[in-house]
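Engineer: Got a predicted structure plus its sequence, pasted below:
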Amino acid sequence: MIRKTPFLAAPLVAATLGAAIAATPALAFPDKDVDYIIPFSPGGESDIAARLQQPVFADEYDHQLIVKYQAGAGGAQAWSQLNSMPADGHTIMGINLPHVILQPMMSSPGYETADLTPVYWFHYTPDAIIVKADSQFQTLEDLVTFAEANPGLVTFSGSGSNSANSLAKSRFDALAGVTTTYVPFSGTGPSVTALLGDQVTASWGYSTVAAAQGDQVRMLAVASEERLPLFPDVPTFQELGYDMTGGAYRGVAVPKDTPEETRQAVSDAFQAMNNQPAMRKAMDDGAFVVIDVPYSDMESFMSERRAEIEEAAKASN
Amino acid sequence: MDLLQYLAQALTPFNLLLAFGGVLLGTLIGALPGLSATMAVAVLVPFTFAMPPASGLIALGAIYTGAIYGGAFAAILVNTPGTPSAIATTFDGFPMAKRGDGNLAVTLATLASVVGGIVGALALLFLSPPLSKVALAFGPPEYFWLAIFGLTLISALSQGDTLKGILGASFGLFLATVGVAVVGGDVRYTLDQPMLVGGFDVIAALIGLYCIPVVIDLVARPDPHLKVSVQAGGYRLAEALRLCVANWFNLVRSSVIGTVVGILPGAGGSIASLVSYSEARRSSRHPERFGKGEPGGILATESANNATVGGGFIPTLVLGIPGTPPDAVILGALLVQGIRTGPGLFTGQGDIVFTFIFGLLIATILMLPTGLFVGRYAYQAIVSIPKAVLVPTVAFLTIIGSFAIHNSITDVYTMLGLGLIGWILARYGFQPSPIVLGVILGPIAEQGFVQAWLIGNAQGNVLGMFFGRPISLAIAALAALTLFYPVLMDTLKARRARRADGAKKEPIDAD
């Protein structure tokens, strides 16, 4: 079994493997179709992930994963309502980091991070610096040298304020000791449009953006642990001496009254889907990084992410 | 020739069936306020995974173009746009329906939608790579000026009372600021209510402000909703065709405007139809007839909004940047199917792309029979069903439609609240259109302004950002022209009248 566990220490890997072996779909989940609520508009990365999971789930369990959209307030609209939904495991909701930690930290979105019950994290899209294919900057070093000589002149487009992209920008500025200008756009699409239209110097995005835009853009560095299979020539930030890994994590959460064994069963189902070779391949092709964080590892994973995000948020102020 | 081969692939019975079914379903969904093109496409996506990629795309494209067209029915017959793209269609569509020309208006909308759709699809077929550059030429300052241009159009188009138009638009702009700001992330005017964090949804505002006053007025007034036309049964196709021929330049111009605006990822059918409407009125020999049931108004708005469909696919397929929200869904579906968009798509996977474009063209043409058929029944139904049935039906649809936006009761409350406000405002002569357009244009203007400011500031050239770019300057000039055009024309007319008076008087004096 090949698995990537970029964030988990060795004991956790063992625990994950154990959970996978012990997984039995014998519980009362799923005994009917499952409502899978995506807290964003259709067409985004969360939606694409859900679309890829749909057929795998149907194959495995003879029930459908029914994708519903409940977009609003960057996901907050749906997350603030999660706990009032049926708690029998047949209503599950997509959940995203850093969103669910950042939003309550920055404003009052109608929920607290602790109100949410994530049961599985299945992949992340690593942060990445992307320039246009004809940009003068060939390497990350070129860009950093230029930014050092011209404080504030380098502009980065990104998706939203208080978002994964803006957080990555502050983290990197602190690590590289440079001052750059972040220009928030209303989503990844407009942010990439600004990059392709030469409105900005570069863009903070994800590896998935580079995969979708193909040879129109060049990814200078990617915040994954290892180089991505789709981009064997793109260095990681760590290789270049910047201790930066992470990005936008996607997983699934359940209402808080969901019984323990059902939480575990949902976790097992997502584990099983993640284990499918077809799923791995689809993820690799789209430059997603598959991770396996089951329900049993949730607490330690969440507190690690919280520490990381708090530090980055502090750096940006 | 390769293209003919792709045309043949698009003409297989299965693909034809998909195009026809998609258009029919899309038209019905678009006609219901609140059920949007985005939703229709998203619901259909899973079914297309089982089809060959080109067929799946044809189904999605057909449902999309049908939904944009279907928005005209509700706009014309009930005075409530089915989609934001049809807002400007209410200006002349409903007055026509009211005086008994509803069937003519629907036929005009159908013909115009077909023409606009064909122009957009042909641009997609032949001019995609060069036209995709338009999407990239528009940066933050251009979007800022485009939104300002849109706002000046509102004041210019406000019937009767410019001041009330501006006040309405300002109210809409204020509504648009509520919630978490995209740029800056500030939480504004939420009164600590989690319900308001997401802001007011455009569709909820649209349904509330247009439908609720209509429903209340239907109940409050004894007279029938629409006057029954003398020739109630017919399509009045010959008459509509004559009007199209007489307005051919208007149709072409509006279709081109629609295609270009559709290419811009930040602007949609609502802006396209507004701009083309205003151009049609400005260049008309009878601008005073616009807003009172002028066929040219419907031809302009409906050709423009259907042209945005083809236009929107240009950046989607060439650059991988969705031109409109439904395009974003279709792009996601492409990714799931393992199709990479980009300039290589046209050369590398031409069989999929060109088969799809021909499918879209065929679907657009199929809109003619489908639309006339559906339109005839829709018109007869609206005219003949008693108010006691019509009112609860519309009221029910407003609730369903606003709930369906995000599967959330919040939007239903928003819709009802704004609907009541809209009804009160309507009694004092405020129209819903400026308010809704304020809600749509507010975020575009705000984000464009702040982004342009941030970039300009980083480069130490804020003024150059706003006033030093040719496209910006051109749009700003158009905005200024729109704003001062009525004043200018009045002054000129007055001066000419004075001179004419003077000329007449002189000989009298000489006598």
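Structural biologist: In hand now; what should we look at?

Engineer: For the stretch 101-250 of chain A, what lies in contact range of chain B?
Structural biologist: Residues of the stretch 101-250 of chain A found near chain B (C-beta under 8 Å from any C-beta of the partner chain) are A:106-111, A:152-155, A:160-162, A:181-186, A:189-190, A:192-194, A:196-200, A:212-216. The way it works is simple: take the backbone N, C-alpha and C, and place the C-beta from them, glycine included.

Engineer: One more pass at 6 Å, please.
Structural biologist: Contact residues (C-beta under 6 Å from any C-beta of the partner chain) of the stretch 101-250 of chain A with chain B: A:107, A:109-110, A:152-153, A:155, A:161-162, A:181, A:183-184, A:186, A:189, A:193, A:196-197, A:199, A:212-214.

Engineer: from those, which ones fall inside strands?
Structural biologist: Counting by DSSP state E, those place A:155, A:181, A:183-184 in strands.

Engineer: need the contact list for B:Thr482.
Structural biologist: B:152-153, B:156 (C-beta atoms under 6 Å, 6 or more residues apart in numbering or on different chains).

Engineer: Over in chain B, which residue gets nearest chain A? Let me know.
Structural biologist: B:Pro194 (2.8 Å; C-beta to the nearest C-beta).

Engineer: Not counting sequence-adjacent ones, nearest residue to that residue?
Structural biologist: A:Gly110 (2.8 Å; C-beta to C-beta, 6 or more residues apart in numbering or on different chains).

Engineer: what does A:Asn165 give?
Structural biologist: A:Gly158 is the one closest to A:Asn165 (C-beta to C-beta, 6+ apart), at 3.2 Å.

Engineer: does that neighbour sit in a helix, a strand or a coil?
Structural biologist: Secondary structure, DSSP: H, G, I helix; E, B strand; the rest coil: A:Gly158 is strand.

Engineer: My guess is it contacts A:Gly205. True?
Structural biologist: No - with contact defined as C-beta atoms under 6 Å, A:Gly158 does not reach A:Gly205; the gap is 7.1 Å.

Engineer: neighbour count winner among the two?
Structural biologist: A:Gly205 (30 against 26; other C-beta atoms under 10 Å in any protein chain shown).

Engineer: Surely that one is within a strand?
Structural biologist: Yes - per three-state DSSP, A:Gly205 lies within a strand segment.

Engineer: picking that back up, could you measure from the residue of chain B closest to chain A over to B:Ser408?
Structural biologist: Plainly put, B:Pro194 is 12 Å away from B:Ser408 if you go by C-beta to C-beta, to the nearest Å.

Engineer: Compare those two (neighbour count), which wins?
Structural biologist: Neighbour tally, B:Pro194 and B:Ser408, criterion other C-beta under 10 Å: the higher count belongs to B:Ser408, 22 against 17.

Engineer: circling back to that earlier point, could the ones in strands among the residues of the stretch 101-250 of chain A next to chain B go into a markdown table alongside distance to B:Leu60?
Structural biologist: As requested, these are arranged in a markdown table below (distance: C-beta to C-beta, whole Å):
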| residue | distance to B:Leu60 |
| --- | --- |
| A:Thr155 | 35 |
| A:Thr181 | 38 |
| A:Val183 | 32 |
| A:Pro184 | 30 |
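
Engineer: Tell me the secondary structure at the residue most central in space within chain B.
Structural biologist: Taking C-alpha atoms, centre = their mean as the criterion, B:Ser85 is the residue nearest the geometric centre of chain B, at 1.9 Å. Of the three states, B:Ser85 takes helix under three-state DSSP.

Engineer: Quick one: residues contacting the closest residue to it other than its chain neighbours.
Structural biologist: Closest residue to B:Ser85 apart from its sequence neighbours, by C-beta to C-beta, 6+ apart: B:Gly269 at 2.9 Å. Applying C-beta under 6 Å, 6+ apart to B:Gly269 gives the contacts B:85, B:305, B:308.

Engineer: What does the pLDDT read for the closest residue to chain B within the stretch 51-200 of chain A?
Structural biologist: Going by C-beta to the nearest C-beta, chain B is nearest to A:Gly110 of the stretch 51-200 of chain A, at 2.8 Å. You'll see A:Gly110 listed with a pLDDT of 83.

Engineer: go on, B:Thr308?
Structural biologist: 95.

Engineer: give me the low-pLDDT residue ranges for the chain?
Structural biologist: You didn't pick a chain, so chain A it is. Across chain A, the ranges flagged by pLDDT under 70 are A:1-28, A:316-317.

Engineer: right idea, wrong chain: chain B
Structural biologist: In chain B, residues with pLDDT under 70: B:1, B:34, B:158-160, B:225, B:227-233, B:343, B:501-511.

Engineer: Show me what from it comes close to chain A.
Structural biologist: B:42, B:136, B:139, B:180, B:182-185, B:187, B:194, B:197-198, B:265, B:320-322, B:328-329, B:332, B:335-336, B:340, B:342, B:406-408, B:451, B:454-455, B:458.

Engineer: Counting neighbours, which of those end up buried?
Structural biologist: B:42, B:136, B:139, B:180, B:182-183, B:185, B:187, B:194, B:197-198, B:265, B:320-322, B:328-329, B:332, B:335-336, B:340, B:342, B:406-408, B:451, B:454-455, B:458 (16 or more other C-beta atoms under 10 Å in any protein chain shown).

Engineer: for chain A, what spans make up the strands?
Structural biologist: A:34-38, A:65-69, A:91-97, A:117-132, A:155-159, A:181-185, A:202-206, A:217-222, A:247-254, A:289-293.

Engineer: Which elements pack onto the second one?
Structural biologist: What that stands for is strand A:65-69. Secondary-structure packing of strand A:65-69 (3 or more C-beta pairs under 6 Å, 6 or more residues apart in numbering or on different chains; DSSP states H and E): strand A:34-38, helix A:45-61.

Engineer: can I get the ones you listed in JSON lines with distance to chain B and mean neighbour count?
Structural biologist: Below are those laid out as JSON lines (distance: least, C-beta to the nearest C-beta, whole Å; neighbours: other C-beta atoms under 10 Å in any protein chain shown):
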{"stretch": "strand A:34-38", "distance to chain B": "8", "mean neighbour count": "21"}
{"stretch": "helix A:45-61", "distance to chain B": "5", "mean neighbour count": "20"}
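
Engineer: Show me the residues of chain B next to chain A that map onto helices.
Structural biologist: Mapping the residues of chain B next to chain A onto helices (DSSP state H) picks out B:42, B:136, B:194, B:197, B:328-329, B:332, B:335-336, B:406, B:451, B:454-455, B:458.
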